[in-house]
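K.L.:
Have a look; sequence and predicted model below, questions after that.
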Amino acid sequence: MTRQSCTEGNTKGCVQVSNWWTEGNNVHLRVKVLNESNIPKSDLKPGDFRVVTADASEAIEPTVILPKAEGAKATPADFIILLDMSGSMKYPDAQQVKKLDGAINAIREFLNAVERENLSVNISLVPFGESGAGCSNKDGILTVSEQKIKSNFLSATDNQLKTQLNYLAKVDVCAATNLYTPLETAVKYLNNESVTNGNSSTNEPIRKQLAVILLSDGFHTHKRATESLQFEGLKKILQQSAPYVTVHTLGYGESLSQLYKKSLCQRLIIPEELSVDALIENKCQQKDNPNTVDIDESKTDISEFLVDQPRLEEIAKLTGGIHQFPDNAQDVANSLITFLESLREYELIYKQPGADQATLHHSMVKIIPNNLTSAPVDIRMGNMDYVSLNLTERLYLMAGVLILFVLIGALPFIQWSRYLKQEK
């Protein structure tokens, strides 16, 4: 099937049919309902849903299994966590916690949440950074490749992940930031997995969710002069991979406007022109001393603190992912746990009017309170041998089978027996 996605055009919320399957003449739909920030809504009631199909004169009210109801199944998932190990991660966040420590502790809380909620999640934890002068890539720890991603995949409850986090906490971060190449590699890997495995973790009908979580406190510095061109190449890959691969982004730091307010720059920058490049080009510097008024007295280059929130948000929206922008360690943890909400979906079950083997039915899901409608999906009915029948229908079927047995099996045998007796 062609999966649906809520991408850049989502301005008031979105309904997404992520998967469907049939059992006889019953149709099961896995449905996400998202707000304008692509964050799942979990407060809807069963009566809020309708299924509109061309084969019914009016909308159908389906049976609805709520995301956290007893018996509800969370979507299994493979997450690649790309962890920025650039030099700026050594600086403190808004609550004076070293960013690397804050990020690692947040990932620990994320793992605990997966275990606590008993979710079926595999994780590949992949640190990244661009080594250069004075910064070595010891043992290739910062190199991102599809082979490394594959070999790093572990169950979220595997103690090896905690061992990896303990090791990364001790790394002396110093690298530059190359956001696009590691992200491109991760998305391509998951996209290949989707094609190879049919995006299904088991023989069960609920298909695995494939996602990248990009956690960074910086901006793309690799060959900055051609950043726009590089991003256009990445953009095409993201659009081609959606909706099978989702990218969630997490920008760890302060907004550009917050940084600008407490910085010294060569000239005034109007809000409409405020950007990463504008702050760099105007040689803006953070005030080591809040009372500093002379730019020459300020020591710290602002580029160490810049987070390209607009780009990170655009990346997420291109795949229907979630973007969060926390400035402290606890909010980073809360943001990661928010990403887990995407694994909780509504399940709709209804009897398809006019169902017959291999028939095609054009259907949509409508949310009444929010006035939202999903993109249409074509439901092709499968083998109808298991169509649920009432008692009367079953008795008729059994009678028909018995008559058929008599006509095809028993009657010829009786006639043959009579023939043998006549021969004697």
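P.N.:
Right, received. Where do you want to start?
K.L.:
so where do the strands sit in the stretch 201-350 of the chain?
P.N.:
Applying DSSP state E, counting those that start in this stretch to the stretch 201-350 of the chain gives strands spanning 209-216, 245-251, 263-264, 285-286, 300-301, 323-324, 346-351.
K.L.:
Confidence-wise, which of these is weakest overall?
P.N.:
Mean pLDDT across these is lowest at strand 300-301; the value there is a mean of 74.
K.L.:
hmm, back to that, okay, the strands of the stretch 201-350 of the chain, which one's buried deepest?
P.N.:
Counting by mean count of other Cβ atoms under 10 Å, strand 245-251 has the highest mean neighbour count of the strands of the stretch 201-350 of the chain, with a mean of 28. Every residue, glycine included, has its C-beta placed from N, CA and C.
K.L.:
To residue 29, which of the strands of the stretch 201-350 of the chain lies closest?
P.N.:
Closest approach to residue 29 among the strands of the stretch 201-350 of the chain (Cβ to Cβ): strand 346-351, 4.3 Å.
K.L.:
now the angle between strand 346-351 and the following helix or strand past that closest one, please.
P.N.:
On the C-terminal side of strand 346-351, the nearest following helix or strand under DSSP states H and E is strand 360-367. Here strand 360-367 runs at an angle of 130 degrees relative to strand 346-351 (axes from the mean of the first three to the mean of the last three Cα atoms, to 10 degrees).
K.L.:
what's next to strand 360-367, contact-wise?
P.N.:
Contacts to strand 360-367, defined as Cβ atoms under 8 Å, 6 or more residues apart in numbering, come from residues 15, 17, 27, 29, 31, 33, 44, 48-55, 59, 348, 352, 354-355, 372-381.
K.L.:
Just checking: what are the partner strands of that strand?
P.N.:
Strands that pair with strand 360-367, judged by DSSP bridges, come out as strand 49-53 (antiparallel), strand 372-373 (antiparallel), strand 377-380 (antiparallel).
K.L.:
Export stretch 169-184 to CSV, keeping only CA atoms.
P.N.:
Provided in CSV are the C-alpha atoms of stretch 169-184 (Å, rounded to 0.1, in the frame of the first residue of the first chain):
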residue,chain,number,x,y,z
ALA,A,169,30.0,10.8,28.1
LYS,A,170,33.8,10.7,28.5
VAL,A,171,34.6,11.7,24.9
ASP,A,172,36.4,15.1,24.6
VAL,A,173,34.1,16.8,22.0
CYS,A,174,35.9,19.0,19.5
ALA,A,175,34.5,18.3,16.1
ALA,A,176,32.8,20.6,13.6
THR,A,177,29.2,20.1,12.6
ASN,A,178,28.2,18.2,9.4
LEU,A,179,24.5,17.7,9.7
TYR,A,180,23.5,16.7,6.2
THR,A,181,25.8,13.8,5.3
PRO,A,182,25.1,11.7,8.4
LEU,A,183,21.4,12.4,8.1
GLU,A,184,21.4,11.5,4.4
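K.L.:
Buried residues, that stretch. List them.
P.N.:
171, 173-180, 182-184 (16 or more other Cβ atoms under 10 Å).
K.L.:
Let's test this: mean pLDDT of it, rounded?
P.N.:
Rounded mean pLDDT across stretch 169-184 is 93.
K.L.:
From the chain's centroid, how far away is it?
P.N.:
Stretch 169-184 sits 22 Å away from the centroid of its parent chain (Cα atoms, centre = their mean, to the nearest Å).
K.L.:
just stretch 358-371 next, same as before
P.N.:
23 Å.
K.L.:
Straight-line length of that stretch, end to end?
P.N.:
One end of stretch 358-371 sits 32 Å from the other (Cα to Cα, to the nearest Å).
K.L.:
pLDDT of that stretch, averaged?
P.N.:
Per-residue pLDDT over stretch 358-371 has a mean of 92.
K.L.:
swap in stretch 271-280?
P.N.:
Model confidence over stretch 271-280, given as mean pLDDT, is 92.
K.L.:
In that stretch, which residues are buried?
P.N.:
Buried, per 16+ other Cβ under 10 Å, within stretch 271-280: 275-276, 278-280.
K.L.:
For it, output the C-alpha coordinates as CSV.
P.N.:
Presented in CSV, the C-alpha positions along stretch 271-280 are these (Å, rounded to 0.1, in the frame of the first residue of the first chain):
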residue,chain,number,x,y,z
PRO,A,271,14.2,40.7,12.7
GLU,A,272,13.3,39.7,9.1
GLU,A,273,17.0,39.3,8.3
LEU,A,274,18.0,37.4,11.4
SER,A,275,19.6,34.1,10.5
VAL,A,276,22.6,32.0,11.2
ASP,A,277,24.6,33.5,8.4
ALA,A,278,23.6,37.1,9.3
LEU,A,279,25.0,36.6,12.9
ILE,A,280,28.2,35.1,11.5
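K.L.:
low-scoring stretches of the stretch 301-424 of the chain, by residue?
P.N.:
Low-confidence segments of the stretch 301-424 of the chain (pLDDT under 70): 384-397, 401, 404-424.
K.L.:
mind running it again at 80?
P.N.:
Low-confidence regions of the stretch 301-424 of the chain, defined by pLDDT under 80, span residues 301, 383-424.
K.L.:
wait, what's in contact with residue 41?
P.N.:
13, 33-35.
K.L.:
in what helix or strand does residue 15 lie?
P.N.:
In the assignment (DSSP H and E), residue 15 maps to strand 14-23.
K.L.:
and that strand, how far from the chain's centre?
P.N.:
15 Å.
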